[in-house]
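Participant: Pasting a predicted model and its sequence here:
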Amino acid sequence: MDHALEPPATVPALLAARAAARGEHPLLVGDDETLTYAEADRRSSALAKGLLALGAGKGAHIGLLHPNSANFVVAWLAAARIGAVTIPLSTFSTSAELGALLRGADVETLLATPTYRGRDYATTVEQAVAGSVSAPPPLRSPEAPFLRRVAFDTTPIVDAGVAISDEMLAAVEAAVRPSDRLVIVHTSGSTSAPKGVIHQHGPLIRHVTNLNELRRYDADEVLFSNSPFFWIGGFAYSLLGTLLAGATLVCSGATAAADTLDLLERTQPTMVNGFAATVAHLAQDPTFPGRDLSSIRRGNLWPIMPASSRPADPELRYNMLGMTEAGSVCLASDDEGDQPEHRRGSFGKPAPGFQTRIVDPDTGADLPAGEVGELWLRSPSMMEGYYGRERSDTFTPDGWYRTGDLFHVDADGFHYFTGRHGDMIKTAGANVAPREVEAAIADATGLAAHVIGLDDPQRGQLVAAAVRVPPGQEAPTVDALRTALRERLSAYKVPRRFLFLPDADVPMLSSGKLDSRALRDRFARASAEDRP
């Protein structure tokens with residue numbers, strides 16, 4: 001990298017540079033809104049002044065409960081400009097989950113949307129804090145002891161900011177340092193309670209700058225992403241990445257597939273990124289065959305990509321490993337073409353600035369190429385730590401982070417995911433990786449599956465698979481599926497129990513991940529007719 005061209009290392013300085021250079025260029029385009037770089041600068045300046053007038057400043061914890069929108073972007077930039085720490089909060093959260101997040105992150109000010117997709121967030125917040133939030137601040141609730149203000153409308157805050165001069169805001173922005181905390185992003189909580197991951201301005205900006213170079217994301221690109229801003233992929237890889245590139249980010253919150261497709265045709269994205277499963281309904285819309293999405297050249301949202309950009313087999317394209325603790329992507333490749341068969345399922349190599357080790361999870365000893373062990377990561381761009389926990393509880397003395405993910409590395413240094421250390425199924429003395437069985441089911445049927453272990457007095461655990469059956473598609477028979485899997489897997493890996501579930505019946509957490517405990521309950525309640 002040419003260090004003379006490195007971006008500013010704080011968000012306030014970065015926004016000033018992009019607003020000066022890109023001005024009227026769109027930063028964010030939504031279903032019914034467009035936010036230019038100049039507007040983002042102007043609107044966040046007004047809100048930043050208001051926050052200062054109300055007593056917020058460096059280190060203040062400001063929660064954001066917004067979907068992907070201009071309001072989220074403006075609120076985040078306003079908080080960052082005064083050195084406050086942003087805590088993005090999931091719009092999927094129940095009131096109990098939201099209350100836990102507010103308490104755990106010591107949120108002082110909450111900026112929230114009043115409604116989204118028919119949900120009343122004023123009620124959700126009131127239930128979360130066990131009290132009314134409509135009374136004038138300061139709020140005082142034992143359920144959220146540090147929370148003092150909830151704002152569903154920022155107009156009064158902006159109005160208060162008229163008392164703050166441009167010179168005062170500029171002085172505050174100049175005092176924001178690269179080492180200051182920028183954001184606390186919560187993990188999705190698939191294996192434990194969500195943890196608040198702290199990222200600082202400088203390290204996160206440098207990491208996403210490296211990722212932009214790796215994926216060739218520059219000012220000429222238009223990126224469509226369906227990753228929520230309250231998770232690290234949406235916040236860092238999409239939103240911060242777009243600000244760094246000076247590019248345009250397209251997001252849709254529409255419930256009707258045709259409306260999202262209208263947006264895509266109107267904006268003509270060149271790149272797409274996010275969760276492929278959540279755009280599958282777009283390709284099933286009756287209007288999809290007549291849509292012009294030929295502008296999309298790169299990305300991983302296979303269902304909506306033109307045939308010229310879509311792989312015949314996604315497993316022969318490099319995957320990416322992203323995690324909240326690593327500031328989004330930490331394993332990747334700049335090669336976007338199909339790979340040889342022996343690289344099937346590869347996650348590439350460490351992202352720039354990252355080191356990896358594959359170790360025995362019990363002894364911490366390094367393992368040779370080909371052997372499965374736990375992935376450890378080290379980088380200057382890693383998180384500062386988990387909020388409320390000591391660093392020594394998270395990192396080894398020499399700075400390694402234990403991911404809990406099981407990988408092996410081939411002789412050329414390419415990484416391959418096997419599963420989570422705690423998810424491995426021990427059946428009759430043998431280890432079974434759920435991901436391997438899920439891949440075999442997908443290969444045999446074209447259907448997605450969730451593979452878990454069920455307690456069994458004879459075998460220790462049974463391999464069990466919940467197979468997702470889309471509307472209008474017939475489920476395979478158990479016998480036919482077992483026969484197909486025996487051609488692909490060792491006998492002990494073939495599931496002993498099956499459930500065939502409509503997509504809507506698969507139990508999911510509010511984070512969008514599988515609710516393994518609820519799925520085990522489903523198996524327990526299911527008929528024993530499918531037992532061998």
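Facilitator: Okay, I see it.
Participant: And residue 306, how far from residue 184?
Facilitator: 39 Å (C-beta to C-beta, to the nearest Å). Bear in mind the C-beta positions are built from the backbone N, C-alpha and C, glycine included.
Participant: Hmm, residue 21 is touching residue 246, no?
Facilitator: Yes - the pair residue 21 / residue 246 is scored as a contact, 6.4 Å apart, by C-beta atoms under 8 Å.
Participant: Looking at the two, which has the bigger crowd around it?
Facilitator: Set side by side, residue 21 and residue 246 show more neighbours around residue 246, with 20 against 11, by other C-beta atoms under 10 Å.
Participant: excluding its backbone neighbours, what's nearest that one?
Facilitator: Closest residue to residue 246 apart from its sequence neighbours, by C-beta to C-beta, 6 or more residues apart in numbering: residue 219 at 4.0 Å.
Participant: of residue 306 and residue 184, who's got more company?
Facilitator: Each of residue 306 and residue 184 has its neighbours counted (other C-beta under 10 Å); residue 184 has more, 26 against 13.
Participant: Domain-wise, how is this structure divided?
Facilitator: Each domain of the chain is listed here as a residue range: 37-218, 330-421, 424-530, per automatic domain parsing.
Participant: Return the member of the ones you listed having the minimum mean pLDDT.
Facilitator: Looking at these, the lowest mean pLDDT belongs to domain 424-530 (a mean of 85).
Participant: Could you give the number of residues near the nearest residue to residue 33 once chain neighbours are set aside?
Facilitator: Leaving aside its chain neighbours, residue 33 sits nearest to residue 70 (5.2 Å; criterion: C-beta to C-beta, 6+ apart). The number of residues packed near residue 70 is 20, by other C-beta under 10 Å.
Participant: Distance-wise, check residue 70 relative to residue 300.
Facilitator: 25 Å.
Participant: With residue 447 instead?
Facilitator: 20 Å.
Participant: Kindly report the same for residue 347.
Facilitator: The value you get for residue 347 to residue 300, if C-beta to C-beta is used, is 13 Å.
Participant: And residue 22, by the same measure?
Facilitator: For residue 22, the distance to residue 300 - C-beta to C-beta - is 26 Å.
Participant: ok, those two, which is more surrounded?
Facilitator: Neighbour totals were compared for residue 22 and residue 300, and residue 22 leads with 21 against 18 (other C-beta under 10 Å).
Participant: residues in contact with the closest residue to the more buried one other than its chain neighbours?
Facilitator: Computed as C-beta to C-beta, 6+ apart, the closest residue to residue 22 that is not its neighbour in sequence is residue 37, at 4.2 Å. Residue 37 makes contacts with 15, 18, 19, 22, 23, 24, 25, 26, 27, 246, as judged by C-beta atoms under 8 Å, 6 or more residues apart in numbering.
Participant: try it again with 6 Å
Facilitator: Residue 37 sits next to 18, 19, 22, 23, 25, 27 when contact means C-beta atoms under 6 Å, 6 or more residues apart in numbering.
Participant: give me the number of residues near the closest residue to residue 84 other than its chain neighbours?
Facilitator: Nearest non-adjacent residue to residue 84, counting by C-beta to C-beta, 6+ apart: residue 60, 4.3 Å away. Using other C-beta under 10 Å, the number of residues around residue 60 comes to 20.
Participant: I figured residue 60 hits residue 83, correct?
Facilitator: No - applying C-beta atoms under 6 Å, one finds residue 60 not in contact with residue 83, separated by 8.0 Å.
Participant: Looks to me like residue 296 is in a strand.
Facilitator: No - judged by DSSP: H, G, I helix; E, B strand; the rest coil, residue 296 forms no part of a strand; its state is coil.
Participant: which residues are in contact with stretch 148-163?
Facilitator: 46-47, 49-50, 53-54, 108-112, 114, 125, 133, 137-139.
Participant: Can you list which of those are found in helices?
Facilitator: Among the contacts of stretch 148-163, the members falling in helices (DSSP state H) are 46, 47, 49, 50, 53, 125.
Participant: Show the contacting residues for the first one.
Facilitator: Contacts for residue 46 were tallied using C-beta under 6 Å, 6+ apart; they are 158, 161.
Participant: same check, this time on the second one
Facilitator: Shown in contact with residue 47 (C-beta under 6 Å, 6+ apart): 78, 154, 158.
Participant: let's see 7 Å
Facilitator: Listed by C-beta atoms under 7 Å, 6 or more residues apart in numbering, the contact partners of residue 47 are 74, 75, 78, 154, 157, 158.
Participant: ok, now how distant is the nearest residue to it once chain neighbours are set aside from residue 178?
Facilitator: Nearest residue to residue 47, sequence neighbours excluded (C-beta to C-beta, 6+ apart): residue 78, at 3.7 Å. Taking C-beta to C-beta as the measure, residue 78 falls 19 Å from residue 178.
Participant: Which one's more surrounded, those two?
Facilitator: Counted by other C-beta under 10 Å, residue 78 and residue 178 do not tie: residue 78 has more neighbours, with 29 against 16.
Participant: which helices and strands sit right next to the helix or strand hosting the more buried one?
Facilitator: Counting by DSSP states H and E, the element that carries residue 78 is helix 70-81. On a contact count with 3 or more C-beta pairs under 7 Å, 6 or more residues apart in numbering; DSSP states H and E, helix 70-81 meets helix 11-22, strand 26-29, helix 37-53, strand 61-65, strand 85-88.
Participant: closest one to residue 358 among these?
Facilitator: strand 85-88 (32.0 Å; C-beta to C-beta).
Participant: what sits against the residue nearest to residue 33?
Facilitator: By C-beta under 7 Å, 6+ apart, the residues touching residue 70 are 28, 30, 33, 35.
Participant: how about 8 Å then?
Facilitator: Neighbours of residue 70 in contact, by C-beta under 8 Å, 6+ apart: 28, 30, 33, 35, 40, 43.
Participant: of all those residues, which two lie farthest apart?
Facilitator: Based on C-beta to C-beta, the longest span within the contacts of residue 70 runs between 30 and 43 and measures 14.5 Å.
Participant: Do a quick rundown of the helices in the stretch 101-250 of the chain.
Facilitator: 121-129, 155-160, 166-174, 201-215, 232, 241-245 (DSSP state H, counting those that start in this stretch).
Participant: The shortest one - what's its average pLDDT?
Facilitator: Same thing as helix 232. 95.
Participant: so how many other residues sit close to residue 447?
Facilitator: Neighbours of residue 447 using other C-beta under 10 Å come to 18.
Participant: show me the contacts for it.
Facilitator: Residue 447 touches 441, 467, 468, 469, 470, 473, 476, counting by C-beta under 8 Å, 6+ apart.
Participant: ok, those vs residue 200, which is closest?
Facilitator: residue 468 (39.5 Å).
Participant: Helix or strand: which one has the closest one?
Facilitator: Per DSSP H and E: strand 460-469 holds residue 468.
Participant: Pull up the pairing partners for that strand, direction included.
Facilitator: Using DSSP bridges, strand 460-469 pairs in its sheet with strand 449-456 (antiparallel), strand 497-502 (parallel).
Participant: List the buried residues for whichever helix or strand comes after the last one?
Facilitator: Reading on from strand 497-502 to the C-terminus, the next helix or strand found by DSSP H and E is helix 516-525. Residues of helix 516-525 classed as buried by neighbour count (16 or more other C-beta atoms under 10 Å): 516, 519, 520, 522, 523.
Participant: Thought residue 452 was touching the first one, still the case?
Facilitator: Yes - applying C-beta under 8 Å, one finds residue 516 in contact with residue 452, separated by 5.7 Å.
Participant: Residue 278 contacts residue 226, doesn't it?
Facilitator: Yes - between residue 278 and residue 226 there is a contact at 5.6 Å, judged by C-beta under 8 Å.
Participant: Could you check which of those two has the larger neighbour count?
Facilitator: Higher neighbour count among residue 278 and residue 226: residue 226, with 23 against 13, using other C-beta under 10 Å.
Participant: I'd like to know how far that one sits from residue 268.
Facilitator: In this view, residue 226 and residue 268 are 17 Å apart by C-beta to C-beta.
Participant: same deal with residue 500?
Facilitator: 40 Å.
Participant: Same drill for the two, tell me which one is more crowded.
Facilitator: residue 500 (19 against 14).
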